[in-house]
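Student: Model the following, please.
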Amino acid sequence: TEGLGRRRTCLDELKGSGVDDTCLVIVKFASGALASIDNSRFAPYGYDARCEVFGRGGQISLNNPSTSAVILQASRQGAVGGVVDESFPQRYAQAYANQMDHFLDVCMFGTTEKVTFKHSLLVNLLADAAMQSKKTGGFVDFAQFAGPKLA
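Tutor: Coordinates of the predicted model:
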């Protein structure tokens, strides 16, 4: 599995702060599947976070939640749809509630955790690999990058 990360700062108020407001990550899996992750604080319609994975068996995508699932595309001028939810608490209220319910089940009833320490470590290593990709300008072999840290 290899990954390529690109980040930049578009907002004038963030320039020079070390905080990037736009990023793109491309992941090439050993199976041949590709994934792209786009994220931007700069989108004129709100905070943008999308993910898409496609391969020989199909495609799955996660788009920005909005006030409506209806999208009108009636001309070459583009599409019109609902307003993108403003921030994480609005977008993911049900996900946060589900996580809290699961956390309480783990604490109170001994339910096995769905997200383990290794899952959390992998997410952080993926972010570190994206930063390494930004520094080198190329793809990072995740097994070589993260392997010693997972042993």
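
Student: In this structure, which residue is most central in space?
Tutor: Centre of the chain computed as the mean C-alpha position; nearest residue by C-alpha atoms, centre = their mean is Ile37, 5.2 Å away.

Student: For the closest residue to it other than its chain neighbours, list the residues it contacts.
Tutor: Excluding the flanking residues, the one nearest Ile37 by C-beta to C-beta, 6 or more residues apart in numbering is Val25, at 4.3 Å. C-beta coordinates here come from the backbone N, C-alpha and C atoms, glycine included. Contacts for Val25 were tallied using C-beta atoms under 8 Å, 6 or more residues apart in numbering; they are 3-6, 35-37, 126, 130.

Student: what's the answer for Lys149, then?
Tutor: 121, 125.

Student: Contacts for stretch 49-62, please.
Tutor: So stretch 49-62 is contacted by 29, 31-40, 63-64 (C-beta under 8 Å, 6+ apart).

Student: Show me the beta-bridge partners of Leu4.
Tutor: Per DSSP bridges, the residues bridged to Leu4 are Ile26.
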